[in-house]
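Asker: Sequence and predicted structure are below.
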Amino acid sequence: MKPIVSALAIMVGLSSGFAMGSEPAAGSEVAPPSKTIVISRAELATSSGIVRVHSQLTDAAEEVCSDLDGRLLSRHVLYRRCVSAALEQAVAEVHDPALSAYHARIAGPAAVAVLSSSGAAGRVARR
């Protein structure tokens, strides 16, 4: 079956260099980390598929934000914020009411606020 979203890439707006407090060299561009997830219409048609897609999006968000994680509490807070923002944006970009409802139940009230705002730290792009 043809995917409804041909490619979903979670891209974090902060590079690991920025997170460490350093600026990229003048004239150099740092590509944000990304992870592509392919989602089929069939996966979004069942509750088990919704859970599986949400898990894939969560794993992808954790992977692209992993450079921000660390033993220091301040680093871990940055990591959790990055994961949360990337996941919120990924769910919003799929445009599936059942996935959005599942995510809202899992993430709680904070997820609804981020889903309705446009200034999240992470973003999802369709290819």
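Answerer: Structure's in. What do you need?
Asker: low-confidence ranges in this protein?
Answerer: Flagging of the chain using pLDDT under 70 yields the residue ranges 1-28, 30, 109-127.
Asker: longest single helix anywhere in it?
Answerer: Identified as the longest helix of the chain according to DSSP state H is helix 73-94.
Asker: Return the set of buried residues in the helix or strand just after it.
Answerer: Under the assignment DSSP states H and E, the closest C-terminal helix or strand after helix 73-94 is helix 97-107. Residues of helix 97-107 classed as buried by neighbour count (16 or more other Cβ atoms under 10 Å): Leu99, Ser100, Tyr102, His103, Ala107. C-beta here means a position set from N, CA and C on the backbone, and glycine is covered the same way.
Asker: Nearest to Arg81 among those?
Answerer: Nearest to Arg81 among the buried residues of helix 97-107: Ala107, at 13.0 Å, using Cβ to Cβ.
Asker: Distance check, the closest one against Leu44.
Answerer: 18 Å (Cβ to Cβ, to the nearest Å).
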